[in-house]
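Q: Predicted model and sequence follow; I will ask about them next.
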Amino acid sequence: MKLLFVHQNFPGQFLHLAPEMQRRGHDVRALIDATNKNTADVPLLRYTHAALEVDATATRLGRNFTTMSDRGVSVARFCQRLRAEGYVPDVIYGHSGWGETLFLKEVWPEAKLLVFAEFYYRGRAADTGFDPEFQVSGFDQVMIAQSRAAYMAQALAHADLGVSPTEWQASTHPPLLRQQLEVIFDGVDCDRLAPNPDATFSLPDGRILKRGDEVLTFVNRNLEPYRGYHIFMRALPDVLAARPEAQVVIVGGDEVSYGAKPKDGASWKEVILAEVKDRLDLSRVHFTGRVPYDRLVDLIHVSRVHAYLSYPFVLSWSMVETMAAGTLVVGSNTAPVAEVIQDGVTGKLVDFFDVKGWSAALTDALARPEAYDGMRDAARRMVRDRYDLRSVCLPKQIDLLTRLERG
């Protein structure tokens, strides 16, 4: 088949699927933003989008739709040129999160359109108003959140089918749109992540951590409230006081992926660190920034306990990867996390806001690793059975594309 992937930050969720489809002999191409500097074996088509400044007073609740549909227009005009050159894909698979797929059916009505529907903004029972410390709550915010989803509804309504990675993320969509979704996780490579007793990890100060050391890890793309950075940092003083040999490794950038920036212009990393640093032994707290994936895997392998927190929002790959590596995960008892971790069976769950509870759970897991061996083994088996890339997720994704192409 002729298969076109659409994702401004390609490869994104198509990291494994696109090259696998190419390896199987299909004509695979990827449409990406011209500012995306990633390279790939898949041929890349780069569209240019000059984002226009949006007048918030004129667009009001429609400003999000204006921003996303403007990008959709840029993509559609680029695709019109592709069509004029004779290119017509059989299947288009695009991420719906930035408006890129909105008008592709107008360019190629004969193509099947599959959208990756990662999350649907809603006014209640998700991230909106979840954390009153950093979010204003009220009916205005409910309306703002719901209005943000207008372009997502359009993207799915004009698609032939959608994919969500977890049941909870699929459930954020209204019932009529939920009917269009299949749930298929992106997949983690359980073979590559298999426990490695020989793994080591070099700290920024040159020290080497190895399997068996008392290592506590926290990993996210960026350090911010949406991923519970503030709760984790507030729990650390008691953990370090109770475990004098523990080393804490924190991976993540200083930017904001989700939510608002701090009001004073600093990063969330610095704002929260300033709050607790006088109660921390900073010689045992190591900020690495972002790290290459190979180093991240090494860190997961030397970690004794991994803390993962998230608002009711998109689930991170890193949590499932850590479970696949046989490392204990202590996670927040929020819907996307609890879908994967069964408390006391495949990991531990703690109320998101319970700082004392987090300190106690992390301290105990560091102090008594042997007590959690059964959870580690059960977590790895569960991930292999439900989320393994090669044996479970890729076959499901490929089958879906094949069925879609055949009608």
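A: Yep, that arrived.
Q: so where do the helices sit in the stretch 201-350 of the chain?
A: 229-242, 268-276, 293-302, 317-324, 335-338 (DSSP state H, counting those that start in this stretch).
Q: Of all the ones you listed, which one is nearest Gly253?
A: Each of the helices of the stretch 201-350 of the chain has some distance to Gly253 by Cβ to Cβ; the shortest is helix 268-276, at 8.4 Å. Glycine gets a C-beta too; all of them are placed from N, C-alpha and C.
Q: For Asp191, which of the helices of the stretch 201-350 of the chain is the nearest?
A: helix 317-324 (9.4 Å).
Q: circling back: for the helices of the stretch 201-350 of the chain, state which one has the densest average packing.
A: helix 317-324 (a mean of 25; mean count of other Cβ atoms under 10 Å).
Q: quick one: contacts of it?
A: 185-186, 188-190, 193, 217, 219-220, 296-297, 300, 303, 306, 308, 329, 331, 337, 340-341, 346-347, 379-380, 382-384, 387-388 (Cβ atoms under 8 Å, 6 or more residues apart in numbering).
Q: Give me the buried subset of those residues.
A: 185-186, 188-190, 193, 217, 219-220, 296-297, 300, 303, 306, 308, 329, 331, 337, 340-341, 346-347, 379-380, 382-384, 387-388 (16 or more other Cβ atoms under 10 Å).
Q: ok, back up a step: using TSV, lay out the helices of the stretch 201-350 of the chain together with mean pLDDT.
A: Converted to TSV, the helices of the stretch 201-350 of the chain look like this (pLDDT from 0 to 100):
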stretch	mean pLDDT
helix 229-242	98
helix 268-276	96
helix 293-302	97
helix 317-324	97
helix 335-338	98
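Q: how about these in TSV, adding distance to Ser202?
A: Shown next, in TSV, are the helices of the stretch 201-350 of the chain (distance: least, Cβ to Cβ, whole Å):
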stretch	distance to Ser202
helix 229-242	21
helix 268-276	21
helix 293-302	8
helix 317-324	19
helix 335-338	30
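Q: Flag every buried residue along stretch 195-209.
A: Asn196, Ala199, Phe201, Leu209.
Q: Which helix or which strand is home to the first one?
A: What it means is Asn196. Using DSSP states H and E, Asn196 falls within no helix or strand.
Q: roughly how far apart are it and Ser303?
A: Relative to Ser303, Asn196 is positioned 12 Å away (Cβ to Cβ, to the nearest Å).
Q: And Thr363, by the same measure?
A: 15 Å.
Q: Could you do Asp385 as well?
A: From Asp385 over to Ser303 (counting by Cβ to Cβ), the distance is 22 Å.
Q: got it, and Ser164?
A: For Ser164, the distance to Ser303 (Cβ to Cβ) stands at 29 Å.
Q: Look up the pLDDT of the residue nearest the centre of the chain for me, please.
A: Centroid-nearest residue in the chain, with Cα atoms, centre = their mean: Ser316, separated by 3.7 Å. Per-residue pLDDT puts Ser316 at 96.
Q: Repeat that for Glu133.
A: 94.
Q: What of Thr57?
A: 85.
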